[in-house]
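# Give me coordinates for this.
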Amino acid sequence: MVEKRDQQFFDAFMLLVGIFVGIIVGVILLGDLVGDGASAEAGGAHSMIEERIQPLGQVAVTGDPAPAPAPIAAAPIAVAQMPAVAAQAAAPTQAAAPAATPGSAIYAQACALCHVPPGLAGAPAFGDAASWAPRIAQGRDVLAEHVLNGYQGSTGIMPPKGGRVDLSDDDVLAAMQYMLDAVGP
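Numbers count the residues shown, from 1 in each chain. Just a heads-up that it's a prediction; the model follows:
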């Protein structure tokens, strides 16, 4: 009697294993049939992601050569973006504004956050001669050292290059000179 039960158990167990294997194979085949097959290709998903995260354009700073235009893939425009796209297309072209100096552009990108009046965390405010006077009195070389390498004083903190270590020393020094020019000689 025990042998018959063992045989029944074994038959039921093998039937369940066969059903599970069949379900797994069916799901894999259905996924391959429904999918576009890109997931099966080596690197297919990676190349699709790279294509999706490409920038739509590039910014050229005055004085730099213009970058080569990036190819723009035809991407569907979301419904929420349509008014903005239509407004850009309908906007009249304006006359070219006078070119900003490299120092003012870097100031706007990296320095204005802390140096806009009244000045954040002890930073001297842009155009405020009184807050700049003690720093200017130390000399341009000391000021440049603090701007490039950072400084922590009793009145506040200046991170190296204003926290924008991706900028060149010349760019940061041009922004410093732009702020110094705003307070006068």
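
# pLDDT of the biggest helix by length in the chain, averaged?
Using DSSP state H to define each element, the chain has its longest helix at helix 2-34. Across helix 2-34, the average pLDDT comes to 92.

# Give me the domain ranges for this protein.
The chain breaks down into these domains under automatic domain parsing: 1-34, 102-182.

# Deepest-packed of those domains, please.
Sort these by mean neighbour count, taking mean count of other Cβ atoms under 10 Å, and domain 102-182 sits at the top with a mean of 16. Just so you know, the C-beta spots here come from the backbone N, C-alpha and C atoms, and that holds for glycine as well.

# I'd like the average pLDDT over it.
When pLDDT is averaged over domain 102-182, the result is 84.

# what's the span of it, first residue to last?
Domain 102-182 stretches 15 Å from its first residue to its last (Cα to Cα, to the nearest Å).

# same thing with stretch 124-133?
Using Cα to Cα, one end of stretch 124-133 lies 9 Å from the other.

# and what of stretch 148-157?
This stretch, stretch 148-157, spans 13 Å end to end (Cα to Cα).

# And for it, what's in contact with it?
121, 122, 123, 145, 158, 159, 160, 161, 169, 172, 173 (Cβ atoms under 8 Å, 6 or more residues apart in numbering).

# For residue 55, see how far away residue 116 is.
Distance, residue 116 to residue 55, by Cβ to Cβ, to the nearest Å: 28 Å.

# next one: residue 137
Here residue 137 is placed at a distance of 44 Å from residue 55 (Cβ to Cβ).

# Take the contacts of stretch 148-157 and keep only those in helices.
Counting by DSSP H, the contacts of stretch 148-157 place 145, 169, 172, 173 in helices.

# If I look at residue 81, what pLDDT would I see?
pLDDT for residue 81: 49.

# what's the answer for residue 86, then?
pLDDT, residue 86: 48.

# OK, contacts around residue 110?
Applying Cβ under 8 Å, 6+ apart, the residues near residue 110 are 161, 162, 163, 164, 167, 172, 175.

# what's the helix or strand for the spatially most central residue of the chain?
Nearest to the mean C-alpha position of the chain, by Cα atoms, centre = their mean, lies residue 55 at 10.1 Å. Of the helices and strands defined by DSSP states H and E, none includes residue 55.

# farthest-separated two in the contacts of residue 110?
Maximum pairwise distance in the contacts of residue 110, criterion Cβ to Cβ, is 12.5 Å, between 163 and 175.
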